[in-house]
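**Student:** give me coordinates for this.
(chains A and B)
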2 protein chains.
Amino acid sequence: MKFELQATDKQSKARAGKLTTAHGEIETPIFMPVGTVASVKAVHQPELVNDVKAEIILGNTYHLYLRPGTETLQAAGGLHKFMNWERPILTDSGGFQVYSLDDISKITEQGVKFKSHIDGSTHLFTPENVMDVQRQIGADIIMAFDECTPYPCDVQYAKEAMDRTHRWLDRCIRRFDETDPLYGYDQTLFPIVQGSVYPELRKQSAEYIAQTDREGYAIGGLSVGEPHEDMYEMSELVCDILPKDKPRYLMGVGTPANILENIALGVDMFDCVMPARNGRNGQIFTSEGIMNIKNAKWAKDFSPLDPNGDSFVDSIYSKAYVRHLFQANEYLGRQIASLHNLRFYLWLVKQARQKIQEGTFAEWKNVMVPKLQNRL
Amino acid sequence: MKFELQATDKQSKARAGKLTTAHGEIETPIFMPVGTVASVKAVHQPELVNDVKAEIILGNTYHLYLRPGTETLQAAGGLHKFMNWERPILTDSGGFQVYSLDDISKITEQGVKFKSHIDGSTHLFTPENVMDVQRQIGADIIMAFDECTPYPCDVQYAKEAMDRTHRWLDRCIRRFDETDPLYGYDQTLFPIVQGSVYPELRKQSAEYIAQTDREGYAIGGLSVGEPHEDMYEMSELVCDILPKDKPRYLMGVGTPANILENIALGVDMFDCVMPARNGRNGQIFTSEGIMNIKNAKWAKDFSPLDPNGDSFVDSIYSKAYVRHLFQANEYLGRQIASLHNLRFYLWLVKQARQKIQEGTFAEWKNVMVPKLQNRL
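**Tutor:** Next up is the predicted model:
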């Protein structure tokens, strides 16, 4: 993998770059739609390419490991071939999902024991086998096995979890470096910074992670319920420590405003279930603000879903029609909202990129952030 | 509306024709995807045009009347504009749905009183107001308000219902002829033949309906649970009586084999929820037979969903992948199956048309019918 820093904003820490993977280039800043179990929910693969214009998608190791399972994925020749997605893929390490299973997971130095949410069967994730599973899935970018702390989290536990994350990272790196990719193309491993909302821990973690000298780094453990100000503070602190010539991925973030603010702090990559999940519940993100399309006020508004949207769903379907589809609980409503919101997120990061390249990012961001939070 | 009979098969009663409506031409025999509440479930409108290659779709008056309601549809300028569908639409009369509400509908000479399945509110459908509602929806082809008898049905009740259907038809025609379309384009009214599985009643009904001299005719009350042989007998008997120069629409039919058999008897138009509904449940219709895509046997079959299918879903998604999507209860599985099955139905009627024009329909049908019923 190769990362090229192409432009830096003068009034902020925003960056534009280009990431080259075995499955093609990614222009940063970028948003990665989440394809949990080998499908970005309610969106066809050609729509992701042609309409959303996604450059990379994310898969969830926990879900893929349970279903379809690594045996099927290996038989298919990896996740790209299984789902017929030819562009880059990033997989998380499964950690985040396992901790969210809460009382059915048990953390030891060895790894995490958990029960499948599907059939209750018991499984163990370790730094080593999570590397193996991600080799079998075959994503271009794979994530270290970390412990993502909840919010709030006392400083003792945050430190304990961070130290364990660092020890696990060493094991991940060892296993990753002594194994080969299975499908003939390179994979790269991103370590993850932890440390909850404690500046001293975040600093320690960022420094520890930076010295591993990998091809990119992630910031985990944010967007788990902490105030936005804490998120931004941690994000800035970590970005200032991480090397400038490597991409930075802020995991699980966030609202459109969160994304612009974090781009301003030096983040290059984002993923979040929000555009698709909130879309399926009728929340539409637009350049003018946020709409609840189920509201009665749209019942006879026959204007396009989003006059500024550039995907086909924006121009051919009206607000009144999409509202009706949600009222009648029709699949198509969820398809339209998912596709629109994902396209909107991709449009937003591409706009940010253009503004960075033009040197006008900071002013543009300051105009956009309040607009993006309007309730329409 | 204009109907041109273009070819007739020599070994059967199959016909190829062309129906010209205000929203474009329809080449018969044709299958009409069902778009119950202004959406063909899980399929985007551009996919219906470009991938399914649907030439006309069906809307359900009962559902559209309740939601979004005629006021919204009128404000939009009719159903075509509301859902952004520029090709022809046919609406049923609402009768079929109302009778399926069973104990909450009450039939009198005036019409049918029923309760909304949404909020329990009471409504009355009469031959007159059903014409008005269909004017407000604005379909190109609208259906007479009839009484669709269940199966089995004793001969007394079948005759009573048929006679009432004929009296209601007279009222429909009167109302239709004394009102104008609301959106500047022509609509046409199709009467419906009833009579359950009684040849004598079907004959009477077909003769009654034929003398109304409308632009097309429908056969109702079949595919309600009767043996296929009874369906074919009634269909043939009615087609032999209906005028040759008008299109014949067999309502709610059916399996791929049913469609070919009825084409052979002289039917020109079909609709059925089966391809989309069964698709959403994992049943895939192909030119080689029927697959339950949820079966374990497909778990590692990475061949295309349907090697003979010509829509994008057939070539880019494998059986194993689609099975996985159904296992994981992913929206995309239902989207793929719906689109595939609808395209398959359209492909089937277009093949039939070509064979009729080439003079080889009967032999082709005899090869296809057993294949279509294979369990793969």
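
**Student:** return the per-residue confidence for residue A:117.
**Tutor:** pLDDT recorded at residue A:117 is 89.

**Student:** pretty sure it is touching residue A:101, no?
**Tutor:** Yes: judged on Cβ atoms under 8 Å, residue A:117 makes contact with residue A:101 at a distance of 6.6 Å. (Each C-beta comes from the backbone N, C-alpha and C, glycine too.)

**Student:** intersection of neighbour lists for the two?
**Tutor:** By Cβ atoms under 8 Å, 6 or more residues apart in numbering or on different chains, residue A:117 and residue A:101 have no common neighbours.

**Student:** okay, now the unreliable bits of the stretch 101-250 of chain A?
**Tutor:** With pLDDT under 70 as the threshold, the stretch 101-250 of chain A has low-confidence stretches at A:102-104.

**Student:** for residue A:321, what are its contacts?
**Tutor:** So residue A:321 contacts A:302, B:38, B:76, B:82-84 (Cβ under 8 Å, 6+ apart).

**Student:** and the host helix or strand of it, C-alpha only, in CSV?
**Tutor:** In this assignment (DSSP states H and E), residue A:321 forms part of helix A:319-327. Extracted in CSV, the C-alpha atoms of helix A:319-327 (Å, rounded to 0.1, in the frame of the first residue of the first chain):
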residue,chain,number,x,y,z
LYS,A,319,-40.2,13.8,-0.8
ALA,A,320,-43.9,13.0,-0.9
TYR,A,321,-43.3,9.7,-2.6
VAL,A,322,-40.5,8.6,-0.3
ARG,A,323,-42.6,9.6,2.7
HIS,A,324,-45.4,7.4,1.4
LEU,A,325,-43.0,4.5,1.0
PHE,A,326,-42.0,4.8,4.6
GLN,A,327,-45.6,5.1,5.7
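
**Student:** following element in sequence after that helix, please.
**Tutor:** Next element after helix A:319-327 (DSSP H and E): helix A:331-358.

**Student:** does that next one reach chain B?
**Tutor:** Yes: judged by Cβ under 8 Å from any Cβ of the partner chain, helix A:331-358 comes into contact with chain B at A:331-336.

**Student:** could I get those residues as TSV with neighbour count and pLDDT?
**Tutor:** Formatted as TSV, the residues of helix A:331-358 next to chain B follow (neighbours: other Cβ atoms under 10 Å in any protein chain shown; pLDDT from 0 to 100):
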residue	neighbour count	pLDDT
A:331	19	97
A:332	27	98
A:333	25	98
A:334	22	98
A:335	27	98
A:336	28	98
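
**Student:** quick one on the thing from earlier: the contacts of residue A:321: which two are farthest apart?
**Tutor:** A:302 and B:38 (13.1 Å; Cβ to Cβ).

**Student:** got the residues of chain A near chain B?
**Tutor:** Counting by Cβ under 8 Å from any Cβ, chain A sits next to chain B at A:37-39, A:41-46, A:63, A:67-68, A:72, A:75-76, A:81-84, A:299-300, A:302, A:312-313, A:316-318, A:320-321, A:324-325, A:327-328, A:330-336.

**Student:** restricted to buried residues, select those in PyMOL.
**Tutor:** Only the buried entries of the residues of chain A next to chain B go into this PyMOL selection, using 16 or more other Cβ atoms under 10 Å in any protein chain shown:
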select buried, chain A and resi 37+38+39+41+42+43+44+45+63+68+72+75+76+81+82+83+84+299+312+313+316+317+318+320+321+324+325+327+328+330+331+332+333+334+335+336
